[in-house]
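Colleague: I would like the atomic coordinates for the input below:
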Amino acid sequence: MISFSDMDNMNPNNFYEGLFPMLQIFQTPAILEIIHAIIGIVPNSPLTVFSQVFSRVFMVWGICKFSSYSQASYWFLIMSEMWSMSEVVRYLYYTLKLICNKVDWIPFGWSRYSFFFVLYPIGVFSELIQIYNTQPQIKENKIFTTKYYNFSIICYVLMVIWIPSFVYLYVYMIKQRMKFKRKHKEQKLENSAMSKKEK
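Modeller: Down below sits the predicted model:
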């Protein structure tokens with residue numbers, strides 16, 4: 001990741017050239033998460049997973065790849081930073097959980113279920129700003145637009161859907177955080193009881 005302190009000394013286009021190929025590599029396969037949820041490989045709700053994955057895949061292939069505004073915008077860097085921090089914490093947590101079968105409350109579990117409070121809103125806001133500011137270019141160049149299909153209108157519709165989708169995911173994560181804290185508290189009580197019995 002790139003430090004925000006470097007932003008004033010770099011051309012925003014450099015961010016795109018360095019980061020976008022990595023976004024393509026790591027965000028596109030996330031489509032498999034939707035399939036895994038649908039066929040039951042993972043217990044997650046397909047709707048929840050779709051909401052999480054679609055926005056990022058859409059931004060990568062529908063906006064950032066074809067929008068010179070997005071490519072030259074600091075919002076692209078901010079979005080990439082939010083995604084990166086979120087995914088590093090998320091996958092580190094899941095990896096350690098698989099290896100150890102449990103994760104200590106601090107720092108991994110706490111990070112997984114606390115960082116989203118800040119990362120989600122900033123990430124979503126940066127996505128919406130890029131979609132909105134890209135509209136003049138989409139209309140002028142008729143990106144993904146035919147006489148039967150107007151991509152600009154689709155973008156506006158998606159922006160409207162984006163907000164309740166964000167609220168849904170945000171509330172979902174808050175519930176997951178409460179569930180995690182409850183399980184952790186129960187585990188602590190159980191461990192404490194076992195320790196007393198051993199004594």
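Colleague: what pLDDT, on average, does stretch 115-128 get?
Modeller: For stretch 115-128, mean pLDDT rounds to 96.
Colleague: what's the answer for stretch 30-37, then?
Modeller: Mean predicted confidence for stretch 30-37 is 93.
Colleague: Next, the buried residues of that stretch.
Modeller: Buried residues in stretch 30-37, counting neighbours by 16 or more other CB atoms under 10 Å, are found at 30, 33, 34, 37. Every C-beta, even on glycine, is put in place using the N, C-alpha and C of the backbone.
Colleague: Take those and keep only those in helices.
Modeller: 33, 34, 37 (DSSP state H).
Colleague: low pLDDT regions in this protein?
Modeller: Low-confidence segments of the chain, defined by pLDDT under 70: 1-13, 101-106, 191-199.
Colleague: So which residue is dead centre in the protein?
Modeller: Taking CA atoms, centre = their mean, the centroid of the chain lies closest to residue 83, which sits 4.9 Å from it.
Colleague: Can you say which helix or strand has that residue in it?
Modeller: Residue 83 is part of helix 74-100 when elements are defined by DSSP states H and E.
Colleague: where does residue 144 fall, helix, sheet strand or coil?
Modeller: coil (DSSP: H, G, I helix; E, B strand; the rest coil).
Colleague: That one against residue 62, yeah?
Modeller: Yes. Counting by CB atoms under 8 Å, residue 144 touches residue 62, with 7.3 Å between them.
Colleague: can you list residues touching both of these two?
Modeller: Counting by CB atoms under 8 Å, 6 or more residues apart in numbering, the common neighbours of residue 144 and residue 62 are residue 151.
Colleague: All good on my end, thank you.
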